[in-house]
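*Asks:* Sequence plus the predicted model coming up.
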Amino acid sequence: MQETYLYDPNVLLKLDFHRSPAKFQPFISAANPGESWLRVRPLKDTDYDRGFLQLLSQLTNVGNITRTQFLTRFSQMKASGDYYVTVIEDTRKGEIIGAASLIIERKFIHNCAVRGRLEDVVVNDTYRGKQLGKLIVVTVSLLAEHLGCYKMSLDCKDKLIKFYESLGYALIPGNSNSMTIRYDEDTPTLKRNSTSAATGAAGDAYQTNSQFYNFFSPFCY
Ligand code: 16G
C-alpha cells in the first residue's frame, strides 16, 4: 500500500544533534535513535492504524476521530506545508510511541520571518529511560532552526519547566506569561463544523463532547 509522509523524511537526517544543549547519554539522534527498532520520522497517513491517536490521548482529550477525519486533517496539514508532526515508531510492533509537532507560523514582523511552536509532545511512558522525550523535542527544535525559524516556543505544566530548560528553552525574565482563554466546546454558538469559517471546508468536523479538561497527563520523559 502506498503511504504518504506529512513532510520529507530526509530533512530529519540532516539535523546536527551536536548543536543541541541537550545532554544525551549515550548520544542518540533522529538518524540513530539508540535501538535498531526505533524510527524517528514524519507522521504518515497510515498512522491512524499505528496508535497515533491513542498516544495523543495520553496528553489530552482526543475524541472519537474517524479514519476520514484523520485523513482529512492530514491532507490539510500536508497542503499547508507548515505542519511538522513528527513521531517515534517501535517498528517491532508497528506502534507510534512518541510524538511532537512543530507548527510554523508566518509573520510580517522581522522581515516576514517565521517562528515555530512546539506542540503536542507525548511519549509512551512504558519506554522510560530511552531518552525519547528528549529525542523527539530536540528533533523538532533542530528542525525549527533548520527551517529558518527565529524562535520556537511552547506552553507546558510547571513541573516540565526543568525538562525544557535542559533542552535550551528559557523563561524570559519579565516575558514568560502564557495566557489562555478557553472556549467551552459545549457552547453551541462556538461550535464549528470546519476549521475555516471563511472557506467552510467540508468534511472537517470539529466536535468533541468534552468539557474543560482536567489537565490529566500521565506522560513522562
Ligand atoms: C500542553 C502541550 C500542548 C497541548 C496541550 C493540550 C506541549 C509542549 N504542550 O500544553 O501542545 O496542545 O498540552 O492540552 O506539548 P489542552 O487540551 O489543555 O489544550
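*Replies:* Perfect, thanks for sending it. Numbering: from 1, shown residues only.
*Asks:* sec struct for the residue nearest the centre of the chain, please.
*Replies:* Nearest to the geometric centre of the chain sits residue 101, at 2.1 Å (CA atoms, centre = their mean). Following DSSP: H, G, I helix; E, B strand; the rest coil, residue 101 is assigned to strand.
*Asks:* Could you list the low-pLDDT ranges of this structure?
*Replies:* By pLDDT under 70, the weakly predicted segments of the chain are 186-221.
*Asks:* what does it put close to the ligand?
*Replies:* Counting by CB under 6 Å from any ligand atom, the residues of the chain close to the ligand are 59, 60, 118, 119, 120, 121, 154, 155, 156, 213. In short, each C-beta sits where N, CA and C put it, glycine included.
*Asks:* Mind putting the residues you listed into JSON lines with distance to residue 39?
*Replies:* Listed next are the residues of the chain next to the ligand as JSON lines, based on distance: CB to CB, whole Å:
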{"residue": "59", "distance to residue 39": "21"}
{"residue": "60", "distance to residue 39": "25"}
{"residue": "118", "distance to residue 39": "21"}
{"residue": "119", "distance to residue 39": "21"}
{"residue": "120", "distance to residue 39": "19"}
{"residue": "121", "distance to residue 39": "18"}
{"residue": "154", "distance to residue 39": "24"}
{"residue": "155", "distance to residue 39": "28"}
{"residue": "156", "distance to residue 39": "26"}
{"residue": "213", "distance to residue 39": "31"}
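*Asks:* Among these, name the ones in strands.
*Replies:* Counting by DSSP state E, the part of the residues of the chain next to the ligand found in strands is 118, 119, 120, 121.
*Asks:* sorry, back to before: help me confirm that the residue nearest to the centre of the chain comes into contact with residue 82.
*Replies:* No: with contacts counted by CB atoms under 8 Å, residue 101 stays clear of residue 82, the gap being 10.5 Å.
*Asks:* What's opposite the residue nearest to the centre of the chain in the beta bridge?
*Replies:* residue 85, residue 119 (DSSP bridges).
*Asks:* Can you name the residues that contact it?
*Replies:* Contacts for residue 101 (CB atoms under 8 Å, 6 or more residues apart in numbering) come out as 83, 84, 85, 86, 118, 119, 120, 121, 140.
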